Structure formats: structure tokens, C-alpha cells
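1. any chance you could fold what I've pasted below:
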Amino acid sequence: ATPSTCSIDSLVGRSLEGAGVPLGCPQQAAELLMLAEQQFEQGVMIWDSDTRQIYVIEHDGRWQAFDDTWTSEQPEIDPGLVPPAGLVQPKRGFGQGWREQLGGPQAGIGWGIIEERAADGWRQRFENGQVFWLDPPGGMAYLLYDDGTWEAVTVGRP
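-> Sure, this is the predicted structure:
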């Protein structure tokens with residue numbers, strides 16, 4: 001599934017062959033880990049339990065990451081921020097990052113549209129980025145390129 005010049009199998013396999021995607025070869029095997037995900041009006045946040053990094057993936061094609069510094073001694077939300085009807089304020093690490101790193105209600109990612117959820121998932125590092133694949137619902141992988149851009153591709157189960 002991976003071009004023969006790569007010595008490690010790719011999580012995203014055949015779906016990228018010949019597509020000109022600049023990820024390069026995998027630098028490690030795909031790792032199964034605990035992730036969390038929350039959908040927002042204009043993107044998604046993913047929390048990596050291994051690195052304690054939060055990835056902000058915006059619909060405009062950009063992504064960024066920051067450290068999750070939230071602890072259980074801190075409040076889960078800011079009670080002074082009331083989301084518009086039908087939306088939710090992100091909690092815990094997502095909420096702290098949303099308020100402190102992204103600007104809270106003025107964040108380009110918007111408000112949460114659902115509560116965060118825990119998910120098993122895979123991460124794989126490549127020469128020029130990394131890939132996250134969450135299960136369930138499955139089938140969608142986020143390709144995060146080192147240049148700060150991203151795309152989503154449909155892949156089979158790892």
C-alpha cells in the first residue's frame with residue numbers, strides 16, 4: 001500500500017498513492033492511542049493523550065497545535081461565557097485553549113456544535129507531517145502538513 005521507497009507501512013495506504021500529497025514516507029508505525037474530538041462551527045479540535053497536544057483544524061485549511069495545560073483543579077468552563085442557542089462552550093483543555101489561545105467567542109473556529117467525545121484513534125508521523133484517524137465514526141483521516149495546512153481523506157480501517 002505504501003510506495004516501495006518507504007520502509008514503514010502508511011496508515012492512509014492506497015488512498016494517497018499517486019495523489020501528489022507531500023507527506024513523504026512514514027517515520028514510524030501508526031500508534032493506537034486515546035484521543036478526544038470536538039466539532040466546532042468552523043472546524044474541529046483533537047486532543048492527543050500521548051503528547052497532551054491539542055490540534056485545532058479549521059475549515060479554512062489551516063491547523064495549529066498547542067499544549068494542553070488544563071488540570072482538574074481548574075474550572076471546566078467560564079461561567080461568564082454563554083453560548084448562542086444550540087451551541088456549546090468547550091470544556092477542560094479544549095475550553096482553556098479555545099479561550100486563551102484562540103480568543104474564545106471570537107475564535108475563528110467558532111463555538112462547539114457538540115460536546116467533546118473520547119475516541120480510540122491512530123496517529124502516524126511522516127517526513128512532512130502527521131495523520132490522525134479517529135474511530136468511530138471512522139473512514140476519515142486528518143492529514144496535517146508541516147506547513148500548517150491540512151486535508152481530510154477517506155480511508156479504510158487501519
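
2. just the strands in the chain please.
-> For the chain, the strands identified by DSSP state E occupy 31-40, 43-48, 53-58, 63-67, 117-126, 129-135, 140-145, 150-154, in order along the chain.

3. for S10, which of those is the nearest?
-> strand 117-126 (7.1 Å; CB to CB). Placement of C-beta: from N, CA and C, glycine included.

4. what is the mean pLDDT for that closest one?
-> Averaging pLDDT along strand 117-126 gives 90.

5. picking up where we left off before, in JSON lines, list the strands of the chain along with distance to P75 and mean neighbour count.
-> JSON lines is the format used below for the strands of the chain (distance: least, CB to CB, whole Å; neighbours: other CB atoms under 10 Å):
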{"stretch": "strand 31-40", "distance to P75": "17", "mean neighbour count": "18"}
{"stretch": "strand 43-48", "distance to P75": "18", "mean neighbour count": "22"}
{"stretch": "strand 53-58", "distance to P75": "17", "mean neighbour count": "22"}
{"stretch": "strand 63-67", "distance to P75": "19", "mean neighbour count": "16"}
{"stretch": "strand 117-126", "distance to P75": "20", "mean neighbour count": "19"}
{"stretch": "strand 129-135", "distance to P75": "27", "mean neighbour count": "22"}
{"stretch": "strand 140-145", "distance to P75": "29", "mean neighbour count": "20"}
{"stretch": "strand 150-154", "distance to P75": "31", "mean neighbour count": "14"}
